[in-house]
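# Here is the input, now give the coordinates:
(3 chains)
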Amino acid sequence: MDDDPLQTLLDKQAIHEVVLRYCRGVDRLDMPLVRSCYHDDGIDHHTGFTGSADDYVAWIDVGLRRFAGTMHLIGNHLSELVGEKAYAETYGTAHHWGEPLEDPALNFTSAFRYVDRLERRDGHWRISERFAVREWTRSIPADQVRAKEGEGPVACRDRSDPVYRR
Amino acid sequence: MDDDPLQTLLDKQAIHEVVLRYCRGVDRLDMPLVRSCYHDDGIDHHTGFTGSADDYVAWIDVGLRRFAGTMHLIGNHLSELVGEKAYAETYGTAHHWGEPLEDPALNFTSAFRYVDRLERRDGHWRISERFAVREWTRSIPADQVRAKEGEGPVACRDRSDPVYRR
Amino acid sequence: MDDDPLQTLLDKQAIHEVVLRYCRGVDRLDMPLVRSCYHDDGIDHHTGFTGSADDYVAWIDVGLRRFAGTMHLIGNHLSELVGEKAYAETYGTAHHWGEPLEDPALNFTSAFRYVDRLERRDGHWRISERFAVREWTRSIPADQVRAKEGEGPVACRDRSDPVYRR
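Numbers count the residues shown, from 1 in each chain, chains lettered A, B, ... in the order given. Sure, this is the predicted structure:
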C-alpha cells in the first residue's frame, strides 16, 4: 500500500468484485456475466477441465443445468498487486442440490480455493488464469434436507431473482 | 467508482458493516443492534414473515430464544451504489443449535441470500427493504455433534461475550 | 470514519489481511507466516491452549500435522479502530480431514469466532491478544466423503501449492 494507497484499495475492491460477480453469474446461470470475469484469452483449470475461458463457460453451463440450484459461497479473499497484475486467493464452498435428493451426484458440497492471476487491461481487472483447487467434496444425505417452513422470498436462476429487482 | 472513488469505498464499507452488525446483533441477542440496521420505516421479508422492521425484530427475538445459539456466517457481499440508494446481496449460512440435539427444529443450518435495498439518510446507511431469500435448510444429526475437547473461550448471547471486552 | 477516512479504510484492510494471512499460514503449514500475525508479546487463547504466541505456534504446528489437510474458511469480519488499537471479530469454520476417514478426531468441522485485539506498532498491525471462541464442532461421516471426479489443481501444504506460483 505504498505508492498510491487509495488506488491500491480501489484495485483490491475491483478484484474482489470480479470474483463476486463470477459467483453470482454461476449461481444465477448468467453465463455472459461469468464470461466477463475473464479476459478474452483467459484460461481456467478446474477438476475435470482445463482450457480457454470460452470453453470453460460452455462446459460449466452444461454442468450447472443438471442441478436445481447452486450456491458458491466465498470467504477468505486475499490479493496482492504487482503493477498491472494481481494474484488473488479466494476460499469457498460450492453447494449443489437437485432431484432426486438421493442422487449423490446432484446433492453435494465441494470446498475449493480459487487461485487467480488477474490483469488490468484498459482499466478493467479480469482473470487471466484461474486454478480452482479442490479441497474436498461431501454428499448431502437426503434425510437431512428439510422443506421450507413457510412462504418467503424464493431464489430463481434467471433475471426474476430478487437480486435483479430495482 | 467514478465520481469520487474514496466516497464509493467508504459507502461500500459502511453498507457491508450494516450487514455485519445485523449478524452480530442476531447472534448475541442484541435486538437494539438488529433494529438499528433498518430505517424507521424499514421492511423485511423472511420465510414465514413479511412486515415492518419493528415487527420483524419482535418476531425474530422470540424465534431466536428457542435456540441455545445461532451463528449467521456471511460471505459474498456485493453492493451497487445509485446515488443515495444502494443494492446489496450477501450470501450466508445460518447455523442453529439447541437441546435436545435430536430435535431437528432446533438443530439445523439454513442457507440464504440477503437481498437488501439500502438508503443513506442523515449520513447513515440503513436497510430500507430486505428480502431474505432461502436457498436450503438441512438438519444436523445429533450423533455428529462433538463435545468441546478442553477449556477455552466461551460464547455468550449477551454483553459478557468476549467480543464486548475492551 | 471521521478524522481521516482513507486511513481508516487502510487500517481496516490491513487488519483484515492479518487474519487472512493467519488462515493461509495455518492451512499451508507456513508457521513463520502464522507467527508474523502476532506481536512478539502476543497472547492466544484457544480451546485447550492459552499462552504466548510463540508457544501457540509450536502447539498448533504439532496439532495440524495430524491432519491430511485443513481449511480455515472465514466470513464476517468487523473491526473497530481506537487510535493505535483495534478490536476485530471474525467468524469462520475450520474444516479438518485425515486418514482413516472413520476417525472422528481427524474428520470434523469446528465453528469459531476470532475475537482479536490488535495494535499498530512501527506501522504494522498485528494481534496482541486473540480469543478463539468455539461455537460448535461436528464430525464428518466417512460415507459422505466423495472422491475427486477427475484431474485438476491439487492443494499442497507447502510452497508447491498453486497459491505460491508467480
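
# What about A:R146, how many residues nearby?
Applying other Cβ atoms under 10 Å in any protein chain shown, we find 15 residues neighbouring A:R146. C-beta: built from backbone N, CA, C; applies to glycine.

# now A:D158
Other residues lying near A:D158 total 9 when counted by other Cβ under 10 Å.

# residues in contact with the residue nearest in space to the middle of chain A?
In chain A, the C-alpha nearest the mean C-alpha coordinate belongs to A:C23, at 3.1 Å (Cα atoms, centre = their mean). Applying Cβ atoms under 8 Å, 6 or more residues apart in numbering or on different chains to A:C23 gives the contacts A:72-74, A:92, B:76, B:91.

# Quick check: the farthest pair among those residues?
Of all pairs drawn from the contacts of A:C23, the greatest distance, 9.5 Å, lies between A:G92 and B:Y91 (Cβ to Cβ).

# Any regions of chain A where pLDDT drops low?
Along chain A, segments meeting pLDDT under 70 span A:1-2.

# after the helix ranked longest in chain A comes which helix or strand?
When chain A is parsed with DSSP state H, its longest helix is helix A:5-27. Sequence order places helix A:31-35 as the next helix or strand after helix A:5-27, per DSSP states H and E.

# which residues touch that following helix?
A:21-22, A:24-26, A:53-54, A:57, A:60-61.

# change it to 6 Å
The contact list for helix A:31-35 (Cβ atoms under 6 Å, 6 or more residues apart in numbering or on different chains) reads A:21, A:25-26, A:57, A:61.

# Dump the residues you listed to TSV, plus distance to B:E119 and neighbour count.
Converted to TSV, those look like this (distance: Cβ to Cβ, whole Å; neighbours: other Cβ atoms under 10 Å in any protein chain shown):
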residue	distance to B:E119	neighbour count
A:R21	24	17
A:G25	27	20
A:V26	30	23
A:V57	36	20
A:D61	36	14
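
# Which two among these are spaced furthest apart?
A:R21 and A:D61 (16.2 Å).

# ranges for the strands of chain A?
A:38-46, A:49-52, A:69-82, A:85-97, A:108-121, A:124-139, A:145-146 (DSSP state E).

# C:Q7 is nearest to which of these?
Comparing the strands of chain A by Cβ to Cβ, strand A:69-82 comes nearest, at 19.0 Å.

# Flag every buried residue along that closest one.
A:69-79, A:81 (16 or more other Cβ atoms under 10 Å in any protein chain shown).

# Tell me which two in those are the farthest apart.
A:G69 and A:L81 (34.8 Å).

# picking up where we left off before, what angle sits between the longest helix of chain A and strand A:69-82?
Angle, helix A:5-27 to strand A:69-82, by axes from the mean of the first three to the mean of the last three Cα atoms, to 10 degrees: 160 degrees.

# If you count neighbours, what's buried in helix A:5-27?
Buried residues in helix A:5-27 (16+ other Cβ under 10 Å): A:8-27.

# Then stretch A:57-69?
For stretch A:57-69, by 16+ other Cβ under 10 Å, it's A:57, A:60, A:64, A:67, A:69.

# So which of the residues you listed is the closest to C:S160?
For the buried residues of stretch A:57-69, the nearest to C:S160 is A:I60 (26.9 Å; Cβ to Cβ).

# Distance check, the nearest residue to A:A14 once chain neighbours are set aside against chain C.
Closest residue to A:A14 apart from its sequence neighbours, by Cβ to Cβ, 6 or more residues apart in numbering or on different chains: A:W125 at 4.8 Å. Going from A:W125 to chain C by Cβ to the nearest Cβ, to the nearest Å gives 17 Å.

# got it, and A:E80?
In terms of Cβ to the nearest Cβ, A:E80 sits 9 Å off from chain C.
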